[in-house]
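Trainee: my questions concern the predicted model and sequence given below.
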Amino acid sequence: MVKAILFDMDGLITDTEKLLNRFWRQAAEEYGFQMKQEHLLGIRSLSAKYAAPHLQSIYGEGFDYYAIRDRRKQLMNDYIKANGIEAKAGLTELLDYIREQRLKCAVCTATDHERTKWYLGMIGVYDRFDTFVCGDMIKNGKPRPDTYLEGARALGLEPRECMALEDSPNGVESAYNAGCVTVMVPDLSQPDEELKRKLTAVCGTLADVREVIERCNSAR
């Protein structure tokens, strides 16, 4: 039985991946680097521990990951303070269903807890989750399985009893390797054939996840 839903955040709950993409590019340009789209997509959900050496392997050791990231955060903060953020389609419907079915739910994100609380508070859903596993709470972030292993543990469940919702390949790898029932709701890119083999389902929006939960539980 699926007893809990574990949510990624950026690109899954909040429509912020496009902002991360935009402001990573702008910050890098200010430091003299032209980041390519495929490299921007490649760091989605990737924790700093892995993103820093990954980008330096592409752009060279002169790519000051942490300085560029700090600038990206500043640019993004300024934008969000002025314009706010949007929730992804189907979020409210899915959270309502989770409450009706008395399922547990958690946020499992590479983003730090302070920013997670800010984002989810802005769209009015922070209090609708039972617990949070954020990037600054664990040693090994995505794509390692630790984030989702801790999410299941915090809810008192086995990973196989949890459905993990992700929008990016790095997140899918984390959830799949943790042993969760893994579902992708694509945001900026679609899964390739190799990634699809690790997925229980691919959904168009969060609202479509309800059917997958029902199908999984009716089959057991």
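Mentor: Arrived safely, thanks for sending. Residues are numbered from 1 along each chain as shown.

Trainee: look up how far Lys104 lies from Leu165.
Mentor: The gap separating Leu165 from Lys104 is 14 Å, by Cβ to Cβ, to the nearest Å. From N, CA and C alone the C-beta is placed, and that goes for glycine too.

Trainee: same for the strand or helix carrying Asp96, what does it pack against?
Mentor: In this assignment (DSSP states H and E), Asp96 forms part of helix 91-100. Using 3 or more Cβ pairs under 8 Å, 6 or more residues apart in numbering; DSSP states H and E as the contact criterion, the elements in contact with helix 91-100 are helix 209-218.

Trainee: packing partners of the helix it packs on?
Mentor: Right, helix 209-218 is packed against helix 91-100, strand 162-166, strand 181-184 by 3+ Cβ pairs under 8 Å, 6+ apart.

Trainee: now do the helix holding Asp96 against strand 162-166, angle only.
Mentor: Using axes from the mean of the first three to the mean of the last three Cα atoms, to 10 degrees, the inter-axis angle of helix 91-100 relative to strand 162-166 is 170 degrees.

Trainee: overlap in contacts of Leu165 and Lys104?
Mentor: Shared contacts of Leu165 and Lys104, defined by Cβ atoms under 8 Å, 6 or more residues apart in numbering, are found at Ile5.

Trainee: who has more neighbours, the two?
Mentor: Set Leu165 next to Lys104 and count neighbours by other Cβ atoms under 10 Å: Leu165 wins out with 26 against 20.

Trainee: low-confidence regions, the chain specifically.
Mentor: By pLDDT under 70, the low-scoring segments of the chain are 220.

Trainee: again, 80 this time
Mentor: 219-220 (pLDDT under 80).

Trainee: regarding the protein, what is its longest helix?
Mentor: helix 65-83 (DSSP state H).

Trainee: what are the boundaries of the helices in this structure?
Mentor: 17-30, 37-42, 48-59, 65-83, 91-100, 113-122, 146-154, 169-178, 193-196, 209-218.

Trainee: domain ranges for this protein?
Mentor: According to automatic domain parsing, the chain comprises the domains 4-15+87-218, 17-83.

Trainee: Glu161: how many residues sit nearby?
Mentor: 17.

Trainee: again but with Cys203, I slipped
Mentor: 19.

Trainee: OK, contacts around it?
Mentor: Applying Cβ under 8 Å, 6+ apart, the residues near Cys203 are 183-185, 209, 212.

Trainee: tabulate those residues (a markdown table), appending neighbour count.
Mentor: Output for the contacts of Cys203, formatted as a markdown table (neighbours: other Cβ atoms under 10 Å):
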| residue | neighbour count |
| --- | --- |
| Val183 | 24 |
| Met184 | 26 |
| Val185 | 25 |
| Val209 | 23 |
| Val212 | 18 |
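
Trainee: which one of those is nearest to Ile5?
Mentor: Comparing those against Ile5 with Cβ to Cβ places Val209 closest, at 7.5 Å.
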